[in-house]
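what would the 3D arrangement of this be:
(one chain, ligands or ions: 1)
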Amino acid sequence: MFPIRRNRRLRTNEAIRSLVRETYISPNDFLVPLFVVEGSGVKEEIISMPNYYRYSLDLLKDEIKILRSLGLKSVLLFVKVSDNLKNNKGTEALNPEGLMQRAIKTVKSVCPDMLVMTDVALDPFSSYGHDGIVEGGKIINDATVEVLAEMSISHAEAGADFVAPSDMMDGRILGIREALDQSNLIDVGIMSYSAKYASAFYGPFRDALDSAPVDIQDIPKDKKTYQMDSANREEAIRETEMDINEGADIVMVKPGLCYLDIVRDIRNSFDVPIAVYQVSGEYAMLKAAAEKGWLDHDAVMLEQIISIKRAGANIIASYFAKDVVKLIS
Ligand code: PBG
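Below you'll find the model as predicted:
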């Protein structure tokens, strides 16, 4: 008899659909990116990221409590540093009383069980807006790795649980792991941005931190000499394998939606937790389309998050984390 199989039986109503559903999302899936600024009483909206804010440390405390009450237990910290503290070597990144170090302590003071991950890269501290030290028109690798290792120790000593190097220098995972171990910080983990592409989707983030590469003669105007070429797939496997071998506890693919083939490749190749960063441009696109009334914000948001998890992500860094959790609770 035709047709012998009727697949639509398993889609008849919500009860059967939920029985056979393969992917679920919960607060446990999320890592919440947070932007921190100096000052007090500051909660400023990022223009290209509607309904997303930079917080001063006092208001960060309230936000942390809100996140925790929603069941969100992990944050990823970024700081916006004032121009007068920036230089080519990003030395402010190593200041034990720097904004990042104080932000880590602030989160832990209001919520000791909140998992704190920190961004490790020079760009917010660099006068040139690069993730590493610039010399002779190049971003120099090995000297940068030394600073990243020191930065990681500084974050760990301030109380960070994980450091998250987002710079794409070669060998930085090993450099950081050895430095942490030599400082007896053996329990501090590394989430490596292992397949991070040179993407135009980072624009709103660079607005948020005022960290875009500068437009000065003889200084590279983009990050293509260290971040990956979006045309490359096999290379992502190579990058990820190296980071695992160098000691990464969690690997990451970034951006999210345009790179889900990479996520699935890595899921099929390695048995380690995979994080996906749904980046600022992805957030901005949906906000803009929804504002125009062209897309159903909540439905598209959920579909995107489900797709990222279905592709193989264990951890999703997303500016939508709070919205999603409110919607599904
Ligand atoms: C900095 C860093 C960037 C992002 C995370 N860490 C920007 C960049 O590499 O230029 C982007 C995140 C986003 O767009 O949401 N190393």
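
now the helices for the stretch 201-329 of the chain?
203-209, 234-246, 260-269, 280-291, 297-311, 321-328 (DSSP state H, counting those that start in this stretch).

check what pLDDT the closest residue in space to residue 114 that isn't next to it in sequence gets.
Nearest residue to residue 114, sequence neighbours excluded (Cβ to Cβ, 6 or more residues apart in numbering): residue 107, at 5.5 Å. From N, CA and C alone the C-beta is placed, and that goes for glycine too. Note on residue 107: pLDDT of 98.

again with residue 22
98.

need the contact list for it.
residue 310 (Cβ atoms under 8 Å, 6 or more residues apart in numbering).

for it, give me phi and psi.
phi -90, psi -20 (degrees, to the nearest 10).

let's number from 31 now, not from 1
Sure, I'll start numbering at 31, so the last one becomes residue 52.

separation between it and residue 40?
Going from residue 52 to residue 40 by Cβ to Cβ, to the nearest Å gives 11 Å.

tally of neighbours for residue 244?
Residue 244 has 13 neighbouring residues, counting by other Cβ atoms under 10 Å.

likewise residue 37?
Around residue 37 there are 7 residues (other Cβ under 10 Å).

check the one 10 residues further on too.
Neighbouring residues of residue 47 were enumerated by other Cβ under 10 Å; the total is 11.

tell me the pLDDT at the closest residue to it other than its chain neighbours?
Distances taken as Cβ to Cβ, 6+ apart place residue 41 nearest to residue 47, at 5.8 Å, with adjacent residues excluded. pLDDT for residue 41: 98.

next one: residue 41 from the ligand, what distance?
According to Cβ to the nearest ligand atom, to the nearest Å, residue 41 and the ligand sit 35 Å apart.

what is the least confident helix or strand in this structure?
The helix or strand of the chain with the poorest confidence is helix 233-239; it has a mean of 93 (mean pLDDT, DSSP states H and E).

where along this protein do the strands fall?
60-67, 73-76, 79-86, 104-109, 145-150, 163-165, 168-170, 192-195, 219-226, 280-284, 304-308, 345-348 (DSSP state E).

can I get those in CSV with mean neighbour count, distance to the ligand and mean pLDDT?
What follows is those, written out as CSV (neighbours: other Cβ atoms under 10 Å; distance: least, Cβ to the nearest ligand atom, whole Å; pLDDT from 0 to 100):
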stretch, mean neighbour count, distance to the ligand, mean pLDDT
strand 60-67, 23, 7, 98
strand 73-76, 15, 10, 97
strand 79-86, 18, 8, 98
strand 104-109, 23, 7, 98
strand 145-150, 24, 5, 98
strand 163-165, 19, 14, 96
strand 168-170, 17, 12, 97
strand 192-195, 26, 8, 98
strand 219-226, 26, 7, 98
strand 280-284, 25, 7, 98
strand 304-308, 27, 6, 98
strand 345-348, 24, 8, 98
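
wait, residue 230 sits on residue 310?
No: counting by Cβ atoms under 8 Å, residue 230 stays clear of residue 310, with 10.9 Å between them.

find the nearest non-adjacent residue to residue 93, please.
residue 85 (5.7 Å).

tell me the bridge partners for that neighbour.
residue 66, residue 73 (DSSP bridges).

check contacts around it.
64-67, 72-73, 93.

how about 6 Å then?
The neighbours of residue 85, taking Cβ atoms under 6 Å, 6 or more residues apart in numbering as the test, are 66, 73, 93.

distance to residue 101 added to the helices of the stretch 231-359 of the chain, as JSON lines?
As requested, the helices of the stretch 231-359 of the chain are arranged in JSON lines below (distance: least, Cβ to Cβ, whole Å):
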{"stretch": "helix 233-239", "distance to residue 101": "25"}
{"stretch": "helix 264-276", "distance to residue 101": "29"}
{"stretch": "helix 290-299", "distance to residue 101": "24"}
{"stretch": "helix 310-321", "distance to residue 101": "21"}
{"stretch": "helix 327-341", "distance to residue 101": "15"}
{"stretch": "helix 351-358", "distance to residue 101": "6"}
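
mean neighbour count and distance to the ligand added to those, as JSON lines?
JSON lines is the format used below for these (neighbours: other Cβ atoms under 10 Å; distance: least, Cβ to the nearest ligand atom, whole Å):
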{"stretch": "helix 233-239", "mean neighbour count": "20", "distance to the ligand": "3"}
{"stretch": "helix 264-276", "mean neighbour count": "18", "distance to the ligand": "15"}
{"stretch": "helix 290-299", "mean neighbour count": "18", "distance to the ligand": "16"}
{"stretch": "helix 310-321", "mean neighbour count": "19", "distance to the ligand": "3"}
{"stretch": "helix 327-341", "mean neighbour count": "18", "distance to the ligand": "14"}
{"stretch": "helix 351-358", "mean neighbour count": "17", "distance to the ligand": "12"}
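
residue 141 is nearest to which of the ones you listed?
Of all these, helix 351-358 sits nearest to residue 141, with 15.1 Å by Cβ to Cβ.

what lies in contact with that closest one?
So helix 351-358 is contacted by 57, 60, 62, 100, 102, 328, 335 (Cβ under 6 Å, 6+ apart).
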